[in-house]
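J.: I would like the atomic coordinates for the input below:
(chains A and B)
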Protein chains: 2
Amino acid sequence: MTRILIVGGVAGGASAAARARRMDEHAEIILFERGEFISFANCGLPYHIGGDIPSRDALLLQTPLSFKRRFNVEVRVFNEVVAIDRAARTVRVRDLARGEEYEERYDKLLLSPGAAPIRPPLPGIDTAGVYTLRNIPDMDRILAALTHEPPRHVTVVGGGFIGLEMMEALHQRGLSVTQLELSDQVMAPVDREMAAMLHERIREAGIDLRLRTGLNAIEAQPEGAAHRLLLQLGEGATLETDLLILAIGVKPETLLAAQAGLELGPRGGIKVDAAMRTSDPDIFAVGDAVEEVDFVTGDAALIPLAGPANRQGRIAADNMLGRAESYKKTQGTAICKVFDLAVASTGLNEKRLKQLGMAYEKVYVHPGSHAGYYPGAHPVSLKLLFAPDGRILGAQAVGKDGIDKRIDVLAVAQRAGMTVFDLQDLELTYAPPFGSAKDVINMAGFVASNHLKGDSPICHVSDVLALRPDQRVLDVRNPAELERLGAIPGAINIPLDELRGRLDELPKDKELIVSCQVGLRGHVASRMLQQHGFRVKNLSGGFKTWLMATAE
Amino acid sequence: MTRILIVGGVAGGASAAARARRMDEHAEIILFERGEFISFANCGLPYHIGGDIPSRDALLLQTPLSFKRRFNVEVRVFNEVVAIDRAARTVRVRDLARGEEYEERYDKLLLSPGAAPIRPPLPGIDTAGVYTLRNIPDMDRILAALTHEPPRHVTVVGGGFIGLEMMEALHQRGLSVTQLELSDQVMAPVDREMAAMLHERIREAGIDLRLRTGLNAIEAQPEGAAHRLLLQLGEGATLETDLLILAIGVKPETLLAAQAGLELGPRGGIKVDAAMRTSDPDIFAVGDAVEEVDFVTGDAALIPLAGPANRQGRIAADNMLGRAESYKKTQGTAICKVFDLAVASTGLNEKRLKQLGMAYEKVYVHPGSHAGYYPGAHPVSLKLLFAPDGRILGAQAVGKDGIDKRIDVLAVAQRAGMTVFDLQDLELTYAPPFGSAKDVINMAGFVASNHLKGDSPICHVSDVLALRPDQRVLDVRNPAELERLGAIPGAINIPLDELRGRLDELPKDKELIVSCQVGLRGHVASRMLQQHGFRVKNLSGGFKTWLMATAE
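T.: Numbers count the residues shown, from 1 in each chain, chains lettered A, B, ... in the order given. As a prediction, the model looks like this:
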């Protein structure tokens, strides 16, 4: 009878326990959780704070009792595994309620300790009123603070998933919110021009979003002050606030593993192979604490997401019980709701491709989420990154509708090893309420393929911003559009439908950078001009991308 | 200078004209359309009738003038190509306005004549009040009839895409609607048990849906009768109605091609190769008039859908201009809105697999469209068909939310040659408003993989209906669920969470067919029982699938 011990009862740990029981009815399975709760809806916490999920109980997916009844797994909450004796194959457990320690023997040990919110050693970091959000008690504390001493103003530090979700949750509770982000954009998985749409939406909602703004220190204000906390933001700037949510990321919980001498990886997570096995053949690890293999680069990566954690738990359980299953690398597919927008991505972003020095191309498209003549369509702003041979490197999308679908499709295409040429041929569901005969994905495939084949070379906003003397921008929109929406400074304007008759107005000795609103008319114009002997490039994504890329 | 003539100005023809111009600024391109309109939103017609698309103009995507201005394509509406002289490479065109005929020379000819609604030679088929819907004039006629002589009752014949959309459109206009369908289900691309959810929803809306009901004859009623038409429905049954929409399918328009001696395929469409070239190297054909290659079987197929037509037009244009592009077979990915439900499919259905005698397996899952604890989740009822080696053969889904996304993902996976094992590893967007850490698609992959690996053998409703004496059904839901939702007759009921303690109540000499609500608890129970020495199969999709499969 195999004896399996599992450290950590959320996501990966809980998945592994359930799968292990299904695979082996006779194994002895004990799950240790140092907190009170197992298998809670981690990702739902901000939505309960914001009120979208009214019932706290809805977040508690399993209890020790339900887990025992259904899976015959012994769950010991408030029991923390504090040491591993690998030679003896035992763990030392601290019963936090009784304050006693005891040992348990294992045949296989699974570590699913997760990650902890980063708390930088700032002056005043332990001041009352500073919160992080990772688990149910964290949430309860925040809710208690919001309820019992209602703040007038709250500050969220960090513009990642939790930061964005908490910003929205607090706003939804009617609070005045400032969001601080050290970098020049929120939502690091996407590139800045894509995040620009989020910045606009967040500010439109009345949030005081401050980019390039770090938090240097936190001070408690004296009794009677207008606000309870004073934040030092650097360069002498200060901000008064009542409550602070720190959401600047997480770091893998590796102390137990490291103390046991298990190998850590270059990014500081527990090192595992494709079977989720650590450097000790009887010890497995999964979830936010482990390093994964990046799908595109093959490099070690920390990707703290629920989907991978759950699948890893399943795979680790199989392998602990003698099967041979492999975890298949991580693309980092992710999505976040920001008011009525969704932002999603998969694979690598441009920032990372640049860091890595990888050769890449990119295109932008902004087609409707479904047929434009059917009500309720919204633009899907999609950025597709691909290798010069067409291989998909990454994708990002922002919009109000159909964002999840498009990134899902691209995540599957990427995983399948498809190229941008293949995207042209994808046969996706189409009826007017759901899509278009030529879907967003097909359009991106067309544009990317046209570019790679040399049929319609594209350029980007960076090229326009660094315009050479032998280049001119030609805007082929209608004058009314330029007036209403703005235009690239210095552009010649000839509407597409007049262009054939006005070719003689164009400089033959210059390269023309053609721009329209989203890139479609620019493509038509480019093809036309090319064949009339002009040197041409089409601004990918048109003026809409220009606005995104040049937004503050 | 290449001279390209195009017959038919909608979907494939219009796409080809635009692409041809982009590829060759100097080609002469003439597009002939026997009707008044080119490039109209065919798929939007029912939605204008139903009022979702208020403006008729929204359906007119291009006009001859706009096409001329933008693409320098000469569009001749009301001009019908009536003959092709392949030897002389000319077409004979009838100017329908002037009643004159003339000839035009071509280098390349593209046929995009589309398909025509089937009008069976029933007695009374030409009676006033009988309509089909294929184009703008058809729509205008129906709208005129609805407006000027408002019917009290309308009948839609056929339960395909147009039939369903028209049923809903007429219902939305407040009309009393009967829908007749000759077969035992609407929406032929999916199997009957999946269509059962549509039947229920349609009847719930108050529609008089009559399956297995043909239309034998139409008679005009005498003046003063309560209704204008009398329908003979077979076996002496009659139905009085005021207006009849005939939507029983379309047949390819092949007369012109056939008279020119172009080869037709086994299904009666124009035969083309992957370059969209007919048996005449200078003549290409695209869209609803051509036979495509079925993605799964490789057989010829008629698949009249907008997506393939548009892509074919693009590919034909490239090939007419000397490029070498291939159309990559058709999966038949499709979707239809039926009130608040969506129904979608890709690949082959089970009916077809049976006809073809192909070896296949199937699973059903019903997970939520997103995390259950976040509001607004609805079940996605998904049927996945796959080969014994795991290759995806087809997929169907019905539900209120996220149906398009799941079928899109599966369409891409199928096209990429993925197996059900690969579906387990797909990394799809997850945040509570959008999905689950284990998405519907992952779940289907788990269930199918468990079955193929022999870990959790499944069976189906047909097995339960043909229960052998050595088999018993074990329902592992809670008694309250059986009472509230119903149960399979004769099933033993032991709730999953009590099962381990009550194994001695189960017959050791019988094979147990385990059932729960959707198949998940049944899987847990199956694994447990198997390892306690029982012979077990899990009813795929559980009692929910039972209800769908046994619905009238």
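J.: use CA for all of it now, contacts and neighbours both
T.: OK.
J.: So which residues of the stretch 251-400 of chain A form helices?
T.: For the stretch 251-400 of chain A, helices defined by DSSP state H, counting those that start in this stretch occupy the ranges A:255-259, A:306-320, A:350-356.
J.: list the buried ones in stretch A:165-182?
T.: If you call a residue buried by 16 or more other CA atoms under 10 Å in any protein chain shown, then stretch A:165-182 has these buried ones: A:165-172, A:175-182.
J.: Actually, stretch A:144-151.
T.: A:A145, A:L146, A:P151.
J.: which one of these sits closest to chain B?
T.: Using CA to the nearest CA, A:L146 is the member of these that lies nearest chain B, at 21.5 Å.
J.: Just give me how far the helix or strand hosting that closest one sits from the chain centre.
T.: Element membership of A:L146, judged by DSSP states H and E, is helix A:136-148. Distance of helix A:136-148 from its chain centroid, counting by CA atoms, centre = their mean, to the nearest Å, is 25 Å.
J.: which neighbours does whichever helix or strand comes after it have in its sheet, and in what orientation?
T.: Sequence order places strand A:153-157 as the next helix or strand after helix A:136-148, per DSSP H and E. Partners of strand A:153-157 in the sheet, by DSSP bridges, are strand A:176-180 (parallel), strand A:243-246 (parallel).
J.: Number of residues surrounding the closest residue to chain B within the stretch 351-500 of chain A?
T.: With CA to the nearest CA as the measure, A:A437 is the residue of the stretch 351-500 of chain A nearest to chain B, at 4.3 Å. As a burial measure, A:A437 scores 23 neighbours (other CA atoms under 10 Å in any protein chain shown).
J.: any weak-confidence spans in the stretch 151-300 of chain A?
T.: Residues of the stretch 151-300 of chain A meeting the criterion pLDDT under 70: none.
J.: on that earlier part again, quick one: secondary structure of the residue of the stretch 351-500 of chain A closest to chain B?
T.: Using DSSP: H, G, I helix; E, B strand; the rest coil, the structure places A:A437 in coil.
J.: Among the buried residues of stretch A:165-182, which one lies nearest to chain B?
T.: Chain B has its nearest neighbour among the buried residues of stretch A:165-182 in A:E165, at 10.4 Å by CA to the nearest CA.
J.: close enough to count as contact, A:T2 and A:E25?
T.: No. Under the criterion of CA atoms under 8 Å, A:T2 makes no contact with A:E25, lying 10.2 Å away.
J.: neighbour count winner among these two?
T.: For A:T2 and A:E25, the more surrounded residue by other CA under 10 Å is A:E25, and the numbers stand at 19 against 14.
J.: quick one: the more buried one and B:G50, what's the gap?
T.: Between A:E25 and B:G50 the computed distance is 57 Å (CA to CA, to the nearest Å).
J.: swap in A:P507?
T.: 51 Å.
J.: And the two? Which one has more around it.
T.: It is B:G50, of A:P507 and B:G50, that has more neighbours when counted by other CA under 10 Å, with 20 against 13.
J.: Chain neighbours aside, what residue packs nearest to that one?
T.: B:A169 (3.7 Å; CA to CA, 6 or more residues apart in numbering or on different chains).
J.: Does that neighbour belong to a helix, a strand or coil?
T.: Here B:A169 is helix, with the state taken from three-state DSSP.
J.: domains in chain A, as residue ranges please.
T.: For chain A, automatic domain parsing gives the domain ranges A:3-116+A:251-320, A:130-248, A:340-452, A:458-550.
J.: Can you check which of these gets nearest to B:M197?
T.: domain A:340-452 (19.3 Å; CA to CA).
J.: Report the contact partners of A:C459.
T.: Listed by CA atoms under 8 Å, 6 or more residues apart in numbering or on different chains, the contact set of A:C459 reads A:I513, A:K537, A:N538, A:L539, A:S540.
J.: Could you single out the nearest of those residues to chain B?
T.: A:N538 (13.5 Å).
J.: Please report the distance of that closest one from A:H532.
T.: Distance check for A:N538 against A:H532: by CA to CA, it reads 15 Å.
J.: Show me which of those two is the more surrounded one.
T.: A:N538 (28 against 14).
J.: Can you identify the element that follows the host helix or strand of the more buried one toward the C-terminus?
T.: A:N538 is part of strand A:535-539, with elements assigned from DSSP H and E. Downstream of strand A:535-539, the next assigned helix or strand under DSSP H and E is helix A:542-550.
J.: got the angle between that next one and strand A:535-539?
T.: Helix A:542-550 and strand A:535-539 are oriented at 60 degrees to each other (axes from the mean of the first three to the mean of the last three CA atoms, to 10 degrees).
J.: Which elements pack onto helix A:542-550?
T.: Helix A:542-550 makes packing contacts with helix A:192-204, helix A:461-465 when contacts are defined by 3 or more CA pairs under 8 Å, 6 or more residues apart in numbering or on different chains; DSSP states H and E.
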